[in-house]
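Visitor: need the 3D shape of this:
(chains A, B, C and D)
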Number of protein chains: 2
Amino acid sequence: MTLIESTLDSIAEIGFARTSVSEIIDRAQLSRGMIHLHFGGKDALVEESAKYSSAKYYDSLNGLLKTAGSDPQESVEAIIRSDLSEEVLNKRTVSLWYAFRGESRERKAIAAYSDTRDARLRNLAFEAYLKIARQSGLPEPETTAKDATNGTLALLEGMWTDFLLHPESFDRGAAIRTIFRFLSALFPGYFDLDGAVLKAAARG
Amino acid sequence: MTLIESTLDSIAEIGFARTSVSEIIDRAQLSRGMIHLHFGGKDALVEESAKYSSAKYYDSLNGLLKTAGSDPQESVEAIIRSDLSEEVLNKRTVSLWYAFRGESRERKAIAAYSDTRDARLRNLAFEAYLKIARQSGLPEPETTAKDATNGTLALLEGMWTDFLLHPESFDRGAAIRTIFRFLSALFPGYFDLDGAVLKAAARG
DNA sequence: AAATAAAATGGATGATCGTCCATTTAGTGT
DNA sequence: ACACTAAATGGACGATCATCCATTTTATTT
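Guide: Numbers count the residues shown, from 1 in each chain, chains lettered A, B, ... in the order given. The predicted structure is shown next:
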């Protein structure tokens, strides 16, 4: 575990290319042979680290999502606020995600762990949008919900990239408001610039 | 030039970590000393490669943007369609972008070249949205335009990530339609699911 | 306390890394 | 044809890489 944490620290701080076995064991204060003993080799350790990092992201996200209310628009708001919260989106996590993605093309095992938007999250968003689309009587609710899901996840991805490239000037509030501006246009009555609009005001 | 192309080929195909001097000169069919002679060292060559790659992206984009009509919504449509066209968004370019980004935190020179959405493009989009927001009489047109700009660029970023992680199943048409669904909600009369709505139909 | 098993160590190894430069090859001017 | 300059070569160098295992240390059982 300390080896995995050290590996992640190194990747986050000095990048993939510079993360060597020596660097990792120095950080972990462990001896040279431990990587081979516990993981079989550096590549396997890196893979495990990617897996662990991914699991941690989902754990954080799931923990935050539990606070969501019952209305579909509240679920959506929870996803957005969680994914842009300091706990989930910070310098370390974003460095790790992009480091792993940079190597994901050649290492499929890593690619599998570096997709932040997995099926569960996708499905959660889709179900929420589907309810909203049906309630608001939009034509083709499935297609609308699918587009809204893809768009929301893409918007979140884009905000992450913004954070990666401009961590100092990144404004969480502005990012959230931007997303809700789009959502409030797409589903008026269900969202406004501050987030979800609760049902009493939204529907009859 | 052939050294830069070989460097980019290597990074795109086998990743940053595996791109060595030997790998580059093998691909370029040049001798060992050429990197030192022409660039001073490997790091400088990589930097020049990032610069070149970035310039190529903007050249492609600018070339495609020239075909845009005069209406602001046509400019926006041109940006979106160009950024998701095969010429701009393909396996090679997306591999390169994410490889450079993965190393961008530790190497600021690379970070500068790995931001796809530079000030020019941002400004172009903002001016277009500002016109639309003013024409359609929305309150706070500047804020709306700013959000629309950030959102559009974030959406494009997100679509790129989708392409990186699922290049086989990525659907350009669906990506474009998703973006226009958001825009048509935000600026009804100016966009529909297929793109820009021309002025005769949009205004009085 | 002795015997045995398990965990951890760190030096040795060969491969590969990026750099550098003495030498060779190609190009230009006389 | 010769002298001279510029371009290109590729081997040598020390540094660092990941791996592996003989040895030592720690823990467990008898």
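Visitor: and stretch A:95-115, does that touch DNA strand C?
Guide: No. On the criterion CB under 7 Å from any atom of the strand, stretch A:95-115 is out of touch with DNA strand C, staying 13.9 Å away. (C-beta placed from N, C-alpha, C; glycine too.)
Visitor: buried sites along that stretch?
Guide: With burial defined by 16 or more other CB atoms under 10 Å in any protein chain shown, the residues of stretch A:95-115 counted as buried are A:95-107, A:110-111, A:113-115.
Visitor: restrict those to contacts with DNA strand D.
Guide: Okay, of the buried residues of stretch A:95-115, nothing touches DNA strand D (CB under 7 Å from any atom of the strand).
Visitor: quick one: which of those sit in strands?
Guide: Using DSSP state E to define strands, no part of the buried residues of stretch A:95-115 is located there.
Visitor: from those residues, which are also near chain B?
Guide: Checking those against chain B by CB under 8 Å from any CB of the partner chain, the ones in range are A:95, A:98-107, A:111, A:114-115.
Visitor: so who does the spatially most central residue of chain A touch?
Guide: Nearest residue to the geometric centre of chain A (CA atoms, centre = their mean): A:Thr116, 4.6 Å. Contacts for A:Thr116 (CB atoms under 8 Å, 6 or more residues apart in numbering or on different chains) come out as A:57, A:97, A:157, A:160.
Visitor: give me every residue that touches the closest residue to DNA strand C within chain A.
Guide: In chain A, the residue found nearest to DNA strand C is A:Gly33; the distance is 2.0 Å by CB to the nearest atom of the strand. Applying CB under 8 Å, 6+ apart to A:Gly33 gives no contacts.
Visitor: just A:Arg122 next, same as before
Guide: Here A:Arg122 is in contact with A:149, A:153 (CB under 8 Å, 6+ apart).
Visitor: which strand or helix spans it?
Guide: A:Arg122 is part of helix A:119-135 when elements are defined by DSSP states H and E.
Visitor: pLDDT on that helix, on average?
Guide: Mean pLDDT, computed over helix A:119-135, is 94.
Visitor: flag every buried residue along that helix.
Guide: Judged by neighbour count (16+ other CB under 10 Å), helix A:119-135 contains these buried residues: A:121, A:124-126, A:128-133, A:135.
Visitor: related to what we said a few turns ago, for the residue nearest to the centre of chain A, phi and psi?
Guide: A:Thr116 adopts backbone torsions of phi -70, psi -30, taken as degrees, to the nearest 10.
Visitor: one step back: just the C-alphas of the helix holding A:Arg122, formatted as PDB.
Guide: Extracted in PDB, the C-alpha atoms of helix A:119-135 (Å, rounded to 0.1, in the frame of the first residue of the first chain):
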ATOM      1  CA  ALA A 119     -21.100   2.900 -16.700                       C
ATOM      2  CA  ARG A 120     -22.600   3.400 -13.300                       C
ATOM      3  CA  LEU A 121     -22.200   7.100 -13.200                       C
ATOM      4  CA  ARG A 122     -23.400   7.300 -16.800                       C
ATOM      5  CA  ASN A 123     -26.400   5.300 -16.000                       C
ATOM      6  CA  LEU A 124     -27.200   7.300 -13.000                       C
ATOM      7  CA  ALA A 125     -27.200  10.500 -15.000                       C
ATOM      8  CA  PHE A 126     -29.100   9.000 -17.800                       C
ATOM      9  CA  GLU A 127     -31.900   7.700 -15.600                       C
ATOM     10  CA  ALA A 128     -32.200  11.100 -14.000                       C
ATOM     11  CA  TYR A 129     -32.400  12.900 -17.300                       C
ATOM     12  CA  LEU A 130     -34.800  10.400 -18.700                       C
ATOM     13  CA  LYS A 131     -37.200  11.200 -15.800                       C
ATOM     14  CA  ILE A 132     -36.800  14.900 -16.300                       C
ATOM     15  CA  ALA A 133     -37.300  14.600 -20.100                       C
ATOM     16  CA  ARG A 134     -40.400  12.600 -19.700                       C
ATOM     17  CA  GLN A 135     -41.900  14.800 -16.900                       C
END
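Visitor: does A:Pro167 count as helix, strand or coil?
Guide: Put simply, A:Pro167 is coil when judged by DSSP: H, G, I helix; E, B strand; the rest coil.
Visitor: rewinding a little: identify the farthest-apart pair in the ones next to chain B among the buried residues of stretch A:95-115.
Guide: By the measure CB to CB, those have their two most distant members at A:Ser95 and A:Glu106, which lie 19.4 Å apart.
Visitor: any stretches of chain A with poor pLDDT?
Guide: A:1, A:199-204 (pLDDT under 70).
Visitor: residues of it that sit close to DNA strand C?
Guide: A:30-34, A:36-37.
Visitor: mind doing that once more with 10 Å?
Guide: A:17, A:21-22, A:25, A:28-38 (CB under 10 Å from any atom of the strand).
Visitor: filter the residues you listed to the buried ones?
Guide: The buried subset of the residues of chain A next to DNA strand C (16+ other CB under 10 Å) comprises A:17, A:25, A:28, A:30, A:34-35.
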